[in-house]
Structure formats: C-alpha cells, structure tokens
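# Provided below for reference: sequence and predicted model.
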Amino acid sequence: MRTQGALLVELLELLINVLSWICLLTGSFFSVVGGIGLLRLPDFYSRLHGGGITDTMGAGMIILGLLLQAVLTGLVAATVTPWLIAAKLIMVFFFLMITSPSSCHALAQAALQDGLQPKLPDQTDS
Amino acid sequence: MTAPPAPPRPAQNSVQPLRHSLVLLSVLAIFWLLWSGHTEPLLLTFGAISCLVVTALCRRMQIVDDEGAPLHLGLRPLVYALWLGKEVIEANLHVTRRILDPRLPIQPQLIRLKASQTGDLTRVIYANSITLTPGTVSVDIQGEEIVVHALTRTAADEDKSGEMDRRVTRLEGSDR
C-alpha cells in the first residue's frame, strides 16, 4: 500500500504545480494587459488605470503562484525555510496592496495640483 | 484575539495605553521570528533587544495610538479584505475587456463621492480601496468628498452605488 500513498503524494504535488503555473501565467497575462493599457489609453489619468491592473492582478497572481511553489517545496523539504519564504511572500503581497494605491494616488494628485486637466469626452456620447 | 462587540474608543491620540504597546511588541517579535528564521540564543537576544528599542522609540515619538495599532477594528478588516479582493478581481476583468477591445470603449470622467467615515485611518482605507480597484483612482480629498477619476461609466456607477463606502464605515463599529 506504500506505492498507493506515494502515488497520492505525487498527484497532490502535480495538482499544486499545475495550479501554481496557472496563477503565474494569469499574472503574466494581466501584467502585459496593463502594459497594453499604458500604451493605448489616451491621457495620464486613464493610463493610471492600466498600471492598476499590473499592480493588482499581475503582481497578485504572480505572488500567489510563487506561494504555491513555496508550499510545494515545503511539503517535501525537511526544513521550515520554504514556509518562512511563504510568510514573506504574504507580507510582500500585503505591503504591495497598501503601497501601490498610495503611490498611484500621489501621482494623480501631483498631476492635478500641477494643473494637468484630464481628457474628458462629452458625457453624451456612446 | 476575539473582537469585542463594542470597544470603547480612547478619547484622543495623545493617550498611549499600555495595551497598544504590548500588541506592538508582540507583532514586532512575531515578524522578527518569521523574517529571520533564526533560533540561536545570541541572535534571539539581539532580536528581543531591537523589538524593545523600536517599541520604546515609538512610544517616545507618541505614535503608539489607535492609528499605529488599530486594535479597535478587531477582525473586521479581514472580512472586508476578502470582499475587496472579489471586487478587485471583477474590476480587473472589466477594465481588461475594455483595454483589449479594438474600439477602446472608455468614458473617462471625474466624480465626487461622499466619504462617510469619521476616522482618518478608515478614510485612508476607503480612498486606497477606490484606487486599488482598477477603473477608479482617487485623485483628491476635499473635506467630506473624495474626487475620483473613473475610466468607464460602469466603474463610476459601481462606486456611486456607495457599497464600498458603507462597508468601510462599518469597519469603525456598528454603534455609531
């Protein structure tokens, strides 16, 4: 029955690995979308929204993917180091979720105070 | 840590209850252990000393208050963070669809939102939540109002519904 247990562990590892890569690829996709937004959107203020996608979904999903990799290592390793890395990744995520909107707001407010007017189309169109 | 139903709020920021310092000290110690991963007696001693020094410095700077150690919020921010995560994912999908659309269907607009929070901390949480959600960026705070730049009409309407405002205000406690 030892072989069956080993098979289960292997399946679990495979599952975590696949989930991790799905997260990493999703995060990469949204990071690229944020970049496309930066290029396509018309003015400074609307470009902030493109950067917002990279900051939230991009960074968030990549950290989640890395977190799953840390768990994967932690399951087979005999040390606590992977779990410490997981804890650090969670803290990185937490700080990103506070600092990225703060810097985004600081940029927007600096632009507003400098007199940059947002491009606003007529409220009547499409 | 259990969230008390109606924690009495200290009068003003000048008070620095011992409870806050103890919580700050424990949090510092936990993070020191998590981040260093060291368990040797010598390094543990150094860690304990640095935690104590930081706590003492914070007390001297008089920043150990409700803002520095927001105990009165209890565990409510966790529930709010989960809801915010769901909102952020939905907003991401919405803005992504608009950006990748060949016609680029956006309606940039400036809107004013009422911030009904009474505390500085919760007001910052509200403004940061608006910015964290793609499609809306808080640009300025004027008195009770937050000026928000919205990328699309849908994103603007989402914020105008005021659900986020209500949820952040609820973080302050239901007894107000």
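Received the coordinates, thanks.
# Let's see stretch B:102-119 as PDB, backbone CA atoms only.
Taking Å, rounded to 0.1, in the frame of the first residue of the first chain, the C-alpha atoms of stretch B:102-119 are listed here in PDB:
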ATOM      1  CA  PRO B 102     -10.300  47.300 -30.500                       C
ATOM      2  CA  ARG B 103     -12.800  50.200 -30.200                       C
ATOM      3  CA  LEU B 104     -11.400  51.100 -26.700                       C
ATOM      4  CA  PRO B 105     -14.900  51.900 -25.300                       C
ATOM      5  CA  ILE B 106     -14.000  54.200 -22.400                       C
ATOM      6  CA  GLN B 107     -15.800  57.200 -20.800                       C
ATOM      7  CA  PRO B 108     -13.300  58.900 -18.600                       C
ATOM      8  CA  GLN B 109     -15.000  61.100 -16.000                       C
ATOM      9  CA  LEU B 110     -14.400  62.900 -12.700                       C
ATOM     10  CA  ILE B 111     -16.900  62.100 -10.000                       C
ATOM     11  CA  ARG B 112     -17.300  63.200  -6.400                       C
ATOM     12  CA  LEU B 113     -18.100  60.600  -3.700                       C
ATOM     13  CA  LYS B 114     -19.200  61.200  -0.200                       C
ATOM     14  CA  ALA B 115     -16.800  59.700   2.400                       C
ATOM     15  CA  SER B 116     -18.900  59.000   5.400                       C
ATOM     16  CA  GLN B 117     -16.100  57.700   7.600                       C
ATOM     17  CA  THR B 118     -15.200  59.700  10.700                       C
ATOM     18  CA  GLY B 119     -11.700  58.500  11.400                       C
END
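# if you skip the residues just before and after it, what's nearest to B:C51?
B:L28 (4.3 Å; Cβ to Cβ, 6 or more residues apart in numbering or on different chains). The way it works is simple: take the backbone N, C-alpha and C, and place the C-beta from them, glycine included.
# domains of chain B?
B:18-71, B:74-171 (automatic domain parsing).
# now for those, which one comes closest to A:L15?
Of all these, domain B:74-171 sits nearest to A:L15, with 21.9 Å by Cβ to Cβ.
# so what's A:G52 up against?
A:34, A:100, A:104, B:95, B:131-135, B:137 (Cβ atoms under 8 Å, 6 or more residues apart in numbering or on different chains).
# Tell me which residue in chain B sits closest to chain A.
In chain B, no residue comes nearer to chain A than B:T131, which is 3.6 Å away by Cβ to the nearest Cβ.
# quick one: which helix or strand includes that residue?
Assigned by DSSP states H and E, B:T131 falls within helix B:120-132.
# Spatially central, which residue of chain B would that be?
B:I125 (3.9 Å; Cα atoms, centre = their mean).
# so how far is B:S116 from whichever residue of chain A sits closest to chain B?
Nearest to chain B, among the residues of chain A, is A:P101, at 3.6 Å (Cβ to the nearest Cβ). With distances taken as Cβ to Cβ, to the nearest Å, A:P101 is found 20 Å from B:S116.
# higher neighbour count, those two?
A:P101 (23 against 15; other Cβ atoms under 10 Å in any protein chain shown).
# What's the separation between that one and B:G135?
From A:P101 to B:G135 the distance is 13 Å (Cβ to Cβ).
# residues from chain B in reach of chain A?
For chain B, the residues in contact with chain A (Cβ under 8 Å from any Cβ of the partner chain) are B:31, B:34-35, B:37, B:88-89, B:92, B:95-96, B:99-100, B:104-110, B:127-129, B:131-140, B:149, B:151.
# Next step: these restricted to helices.
B:31, B:34-35, B:88-89, B:92, B:95-96, B:99-100, B:127-129, B:131-132 (DSSP state H).
# Of the residues you listed, grab the buried ones for ChimeraX.
To isolate the buried subset of these in ChimeraX, counting by 16 or more other Cβ atoms under 10 Å in any protein chain shown, use the following:
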select /B:88,89,92,95,96,99,127,128,129,131,132
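# which one of the ones in helices among the residues of chain B next to chain A is nearest A:K88?
B:W35 (6.5 Å).
# gap between the longest helix along chain A and the chain center?
Longest helix of chain A, by residue count under DSSP H: helix A:2-40. Distance, stretch centre to chain centre, for helix A:2-40: 13 Å (Cα atoms, centre = their mean, to the nearest Å).
# for the helix or strand that it is followed by, what is the average pLDDT?
Per DSSP H and E, the first helix or strand lying C-terminal to helix A:2-40 is helix A:44-53. Averaging pLDDT along helix A:44-53 gives 90.
# coming back round to it: ok, the residue nearest to B:C51 touching B:V53?
No: the criterion here is Cβ atoms under 8 Å, and B:L28 misses it with B:V53 at 10.0 Å.
# So which of these two has more stuff around it?
Applying other Cβ under 10 Å to B:L28 and B:V53 shows that B:L28 carries more neighbours, namely 19 against 11.
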